[in-house]
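**Student:** Need the 3D shape of this:
(2 chains)
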Amino acid sequence: MKLFDIFAMASSNMFRSKLRTILTIIAIFVGSFTISMTLGISSGISSYIDKQLGSIGAKDALIVHKTVKNSLTTSEGLTKYDPKASINTTATSKFESIMLTPDDISIISKQDGILSVEPMRTALPRYIQGTDKQKYEIDVSETIKGMNIDLVAGRELISDKNEILLPNKYVKPLGFNSAKDAVGKIVKFGINKGLQPELVEISAVIAGVQQESIFGSSSALASSSMINTLYDTQTSGIISTKKQYMAAIARFDINISESKLNDIKESLSKKGYSASTIDDEIGIAKQVINAITYVLIFFGAIALLAASFGIINTLFMAVQERTKEIGLMKAMGMSKGKIFLLFSIEAVLIGLCGSVLGVLVSIGLGNIANSIASKGFLKDLPGFDLTVFPPTGVFLVILLIAGIAFLAGTLPARRAANLDPIDALRYE
Amino acid sequence: MINNIKSSGSTTIGKNKKPIISAIDLTKQYGEKSSLFTALNKICLSIKEGDSIAIIGKSGSGKSTLMHLLALLDTPSSGKIILSGEDTSKMPKKKLDKLRNNTFGFVFQQFFLNSNNTVLDNVILPLKIAGIGKKTRKRRGIEVLKTVELVDKVNNKANDLSGGEKQRVVIARALINNPSIVFADEPTGNLDTATGKKIENILFSLNKEKGISLIVVTHDSDLAKKCDRQIYLSDGEIIKDTNQ
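**Tutor:** Purely as a prediction, here's the structure:
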């Protein structure tokens, strides 16, 4: 018997007892839907986190602070520029205690396991101004090598040009119509030259607009050339040992073991620095998401387990009903293997129907949920799709369920294959 | 047409025919030790090409067992079956499956038709199993349905046919592989006398016209008499063989 004919026969056999087959398919559908939906949500969340991670830094980087954490970035709205506010209240006093000095940098660079340390230069311009008259406060950070920034519009920075990436939430207030509109436009920074009270204006081109992030990138990111200009202006006349940095990026060998990395962190912490990798920063969030994912997948797996008993039951009944037919086909020379295949394929087809249906419905509902969520509770997290269905993942889910269905089908298929044609023909 | 063939007789079949299937010391036992039951005891017989043979006996006489063994559906406890000069006991299972598929045709008392499938689908099942393509299957199917005069029912569901029609479909199915032997297990057992006669006529005309060997298992002595040779079985042994 040709494979195609076995296939055709199996698929027509499948619906000989329609209701029974449909009920079994529904059982598989439930399992498939649960697993696929879980996959969709968890990969939606992790792809969002990964995008956000990009804007924090590279994988081989430790972000080193003095033990107090950076508190400049707030999740509240923008702070309007107040020309009367003095430098002392905003910049100096607020940050001095938590700033890294060149001495700190050299201590960190002597730490075992650290390959290089770059101070993360943060320029503290007093304001940013676009086409609108209103000026806003902003801080400007340097891009770290290996950063992968989630852009709404525009392109990445070119290091020797005076360019910045503007956080999306500044687009409208600065007077641009849209993120796209802002790209290529010029903004002006007002910044103190050294300790002098007068402000100098420095202009920069907006190369791109960055997606807003849950991990606090409300700073504009500047190209090396741009940060140099700002930083030099800000520190002009200040002795180099008095230069201060918000943080430093310490590179380590990406291949070192977890425990070695922990040793480095601990050693730094004893010296009064807190060092964390990007994974650390979002570690807890990720752990919670993973735990939820595992629980949901566990439920899905239980549903599938129950469904696979459904397949076994359905096919045992089918074998029982078709005993004579099986006997006849065997008498007519159909081999054991082909009979086995006939029933296995039927099981796989039932599995495929249920799993494809479950996956499709979950994708459909996922997309509906995405559009509802993006207008509702995820409004403040642009770029966050609640569910994402990676094609390979979806394909694997379908394949896995088809595999489970096949395994479930082997029991009844074996019984069918081992039927004695004589007994089968005599069977009443 | 069928009556004509029957009366024209078998001029082509001579006396010195080769045996197509022989049984040597065929024994079949069921159970073990204390509950040992011998269904067949050292049966020896040889059936020639184009013969029509009736195996007659009461229920429990071992006639069905004998047929199953001859049809290679079952394996004997001892003894062997020689099919066209080849010892079947040494054949691998696959070859046995293939032999059954292309040298045997089966007609059963209970038809064993798939009631939801069309007449054509039922008839072409052996070809499907043999792995023959769709076009050839259909062509052959219509051909054999012509010989049993059921071409007009090609697309009917098997369920909608009368008993006689069903048995003709079964015969068509048995013929589709151009078998050299047709096994018929009480082929008229489920039919009324008139329809039964018609089925008998078809079977015997095939035997005479196409030289297909016919092995009929029955307890109906009228049907048995129409065969060239009658083998009477009782308690697993041949008590009378009209050939000897």
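
**Student:** tell me, what residue is most central in chain B?
**Tutor:** B:Phe183 (0.9 Å; CA atoms, centre = their mean).

**Student:** Does it touch B:Gln109 like I think?
**Tutor:** No: counting by CB atoms under 8 Å, no contact exists between B:Phe183 and B:Gln109, whose distance comes to 11.7 Å. Every residue, glycine included, has its C-beta placed from N, CA and C.

**Student:** Can you show me the helices along chain B?
**Tutor:** Assigned by DSSP state H, chain B shows helices spanning B:2-8, B:63-70, B:93-103, B:119-123, B:125-130, B:134-147, B:163-175, B:193-210, B:221-225.

**Student:** Between those, which one is closest to chain A.
**Tutor:** Distance to chain A, taken as CB to the nearest CB, is lowest for helix B:93-103 among the helices of chain B, at 2.8 Å.

**Student:** Just the C-alpha atoms of the closest one, please, in PDB.
**Tutor:** C-alpha atoms of helix B:93-103 as PDB (Å, rounded to 0.1, in the frame of the first residue of the first chain):
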ATOM      1  CA  LYS B  93       6.000 -13.000   6.400                       C
ATOM      2  CA  LYS B  94       6.200 -10.200   3.800                       C
ATOM      3  CA  LYS B  95       6.300 -12.800   1.000                       C
ATOM      4  CA  LEU B  96       3.300 -14.500   2.400                       C
ATOM      5  CA  ASP B  97       1.400 -11.200   2.500                       C
ATOM      6  CA  LYS B  98       2.300 -10.600  -1.100                       C
ATOM      7  CA  LEU B  99       1.300 -14.100  -2.100                       C
ATOM      8  CA  ARG B 100      -2.100 -13.700  -0.500                       C
ATOM      9  CA  ASN B 101      -2.500 -10.400  -2.100                       C
ATOM     10  CA  ASN B 102      -1.800 -11.400  -5.700                       C
ATOM     11  CA  THR B 103      -2.600 -15.100  -5.900                       C
END
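
**Student:** sorry, back to before: what's across from the residue nearest to the centre of chain B in the sheet?
**Tutor:** Beta-bridge partners of B:Phe183, counted by DSSP bridges, are B:Phe106, B:Ile215.

**Student:** quick one: contacts for it?
**Tutor:** B:67, B:70-71, B:104-107, B:215, B:217 (CB atoms under 8 Å, 6 or more residues apart in numbering or on different chains).

**Student:** residues making contact with stretch B:148-165?
**Tutor:** For stretch B:148-165, contacts defined as CB under 8 Å, 6+ apart pick out B:113-120, B:122, B:141-142, B:145, B:166, B:168-169, B:171-172, B:175, B:190-192, B:195, B:198-199, B:202.

**Student:** where exactly do the strands run in chain A?
**Tutor:** For chain A, the strands defined by DSSP state E occupy A:61-66, A:114-120, A:122-123, A:127-129, A:140-142, A:151-154, A:163-167, A:186-192, A:199-210, A:220-222, A:247-252, A:273-276.

**Student:** What residues does chain A have near chain B?
**Tutor:** Within chain A, the residues that sit near chain B (CB under 8 Å from any CB of the partner chain) are A:1-2, A:5, A:9, A:16, A:324-325, A:327-336, A:338, A:421-422, A:425.

**Student:** Could you point out which residue ranges in the stretch 151-300 of chain A have low pLDDT?
**Tutor:** Counting by pLDDT under 70, the ranges of the stretch 151-300 of chain A that qualify are A:213-217, A:239-242, A:278, A:281-284.

**Student:** Residue of it nearest chain B, please.
**Tutor:** A:Gly300 (35.8 Å).

**Student:** so that residue makes contact with A:Ser42?
**Tutor:** No: using CB under 8 Å, A:Gly300 is not in contact with A:Ser42; the gap is 11.7 Å.

**Student:** count of residues packed around B:Ile142?
**Tutor:** 16 (other CB atoms under 10 Å in any protein chain shown).

**Student:** And for A:Ile350?
**Tutor:** A:Ile350: 27 neighbours (other CB under 10 Å).

**Student:** distance of it from chain B?
**Tutor:** Distance, A:Ile350 to chain B, using CB to the nearest CB, to the nearest Å: 19 Å.

**Student:** quick one: contacts for that residue?
**Tutor:** A:14, A:21, A:24-25, A:28, A:311, A:314, A:405.

**Student:** same question, A:Ile105
**Tutor:** A:117, A:119, A:245, A:248.

**Student:** Show me which residues of chain B sit near chain A.
**Tutor:** So chain B meets chain A at B:68, B:71, B:73-74, B:93-94, B:97-102, B:106, B:108, B:110, B:112, B:114, B:116, B:125-126, B:128-131 (CB under 8 Å from any CB).

**Student:** Next, the contact list for the residue nearest to A:Ala153 when sequence neighbours are not counted, please.
**Tutor:** Closest residue to A:Ala153 apart from its sequence neighbours, by CB to CB, 6 or more residues apart in numbering or on different chains: A:Ala179 at 4.0 Å. A:Ala179 sits next to A:152-154, A:168, A:171, A:209 when contact means CB under 8 Å, 6+ apart.

**Student:** Leaving out sequence neighbours, find the closest residue to residue 224.
**Tutor:** Assuming you mean chain A. Using CB to CB, 6+ apart, the nearest residue to A:Ser224 is A:Ser159, at 4.4 Å.

**Student:** my question was about chain B
**Tutor:** Per CB to CB, 6+ apart, closest to B:Ala224 is B:Ala54, 3.7 Å.

**Student:** Kindly report the same for A:Gly130.
**Tutor:** Distances taken as CB to CB, 6+ apart put A:Leu174 closest to A:Gly130, at 2.9 Å, once the chain neighbours are dropped.

**Student:** The one you found contacts A:Lys188, doesn't it?
**Tutor:** No: using CB under 8 Å, A:Leu174 makes no contact with A:Lys188, being 10.1 Å away.

**Student:** more neighbours, those two?
**Tutor:** Neighbours per residue (other CB under 10 Å) separate A:Leu174 from A:Lys188, with A:Leu174 holding more: 22 against 15.

**Student:** Based on its surroundings, how many neighbours for B:Ile181?
**Tutor:** That count, for B:Ile181 with other CB under 10 Å as the rule, works out to 23.

**Student:** Provide a list of residues in contact with the closest residue to it other than its chain neighbours.
**Tutor:** Nearest non-adjacent residue to B:Ile181, counting by CB to CB, 6+ apart: B:Ser213, 4.5 Å away. B:Ser213 sits next to B:20-21, B:47-53, B:180-182, B:207 when contact means CB under 8 Å, 6+ apart.

**Student:** where among the helices of chain B is the average confidence lowest?
**Tutor:** Lowest mean pLDDT of the helices of chain B: helix B:2-8, a mean of 42.

**Student:** need the contact list for B:Leu223.
**Tutor:** B:54, B:187-188, B:196, B:200, B:216.

**Student:** closest point of chain A to chain B, which residue?
**Tutor:** A:Gly333 (2.8 Å).

**Student:** hang on, that residue packs against B:Lys95?
**Tutor:** No: in this structure, A:Gly333 is not within contact of B:Lys95 by CB under 8 Å, at 10.1 Å.

**Student:** Give the closest residue to the most centrally placed residue in chain A in space, chain neighbours not counted.
**Tutor:** Compute the mean C-alpha point of chain A, and by CA atoms, centre = their mean the closest residue is A:Ser47, 1.8 Å away. Using CB to CB, 6+ apart and skipping the chain neighbours, the partner closest in space to A:Ser47 is A:Val388 (5.2 Å).

**Student:** could you pull out the helices for the stretch 301-428 of chain A?
**Tutor:** Remark: helices assigned in the stretch 301-428 of chain A by DSSP state H, counting those that start in this stretch are A:323-331, A:336-375, A:391-417, A:421-426.
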